[in-house]
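Student: Compute the structure for the input listed below.
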Amino acid sequence: MRVNKASLNFTLYEEFKDPLAKKEFLAAKALYLKSLRECNFPNLTGTAIEIIQKAKRDKCNIGPYKNLSYFEILNRVGSDLVLLEGVTMLFSNHIKNIKPKRIALKMGNQAGEDITIELENNGGLIYGEAFNASESLKGHKMRHSEKIILKKIAEDKSSNRVGVIFYNADMEETNMKQQIKTIDDITIYKIACLIN
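Tutor: Here you go, the predicted structure:
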């Protein structure tokens, strides 16, 4: 039997492995947030160089992640929180043209697109990405996310010509909550997600 590598480091793998309807998603999201609230965040002490080395190399457990470095866990959690907020917005009809029936989230650093949205009434699939980046990396991450979506749509001829990108709202200079970009004949919704 082949073991999914994400299941080795992500304690909520079972809760997120299948596409989720709204009720299932909200229950899984609550477990994710509870795991963050109830964890004891590891204490990093030492000189600046020692702290950097520990953060990049020492294994620890934080929230739903185990046996990874502080650095890797914090990157994953940052992106996960954007992904969770973005999916919450989808299920709350934030984008009027997208009515999800179920959504698959690639939690735990699984390969492939971050989000696959199954639309109501056999409406097909929409693919998406989510990231949490600094202002200086926003452009690179946005272009990379667009490429992933465009590639997936090109591979899947039955998919809708629509994609979504969720990103952290704190890097916005303006209060713009939604942008729409058309590349060829593909519409990509870019949604800023506020993380609390």
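
Student: Okay, the residue of the chain most remote from its centre and Lys56: tell me how far apart.
Tutor: Most distant residue from the mean C-alpha position of the chain: Thr47, 33.0 Å away (Cα atoms, centre = their mean). Relative to Lys56, Thr47 is positioned 14 Å away (Cβ to Cβ, to the nearest Å). From N, CA and C alone the C-beta is placed, and that goes for glycine too.

Student: what does Gln110 give?
Tutor: For Gln110, the distance to Lys56 - Cβ to Cβ - is 22 Å.

Student: neighbour count winner among these two?
Tutor: Gln110 (18 against 11; other Cβ atoms under 10 Å).

Student: got the contact list for Lys29?
Tutor: For Lys29, the contacting residues are 84, 87-88, by Cβ atoms under 8 Å, 6 or more residues apart in numbering.

Student: Narrow those to those that are buried.
Tutor: The neighbour-count test (16 or more other Cβ atoms under 10 Å) marks 84, 87 as buried among the contacts of Lys29.

Student: out of the contacts of Lys29, who's nearest Lys66?
Tutor: When these are ranked by distance to Lys66 (Cβ to Cβ), Leu84 comes first, at 19.0 Å.

Student: what secondary structure does the closest one sit in?
Tutor: Reduced to three states with DSSP: H, G, I helix; E, B strand; the rest coil, the structure at Leu84 is helix.

Student: what does Ile95 give?
Tutor: coil.

Student: What distance do you get for the closest residue to it other than its chain neighbours to Leu84?
Tutor: Excluding its sequence neighbours, the residue lying closest to Ile95 (Cβ to Cβ, 6 or more residues apart in numbering) is Tyr189, at 5.5 Å. Remark: distance between Tyr189 and Leu84 (Cβ to Cβ) = 17 Å.
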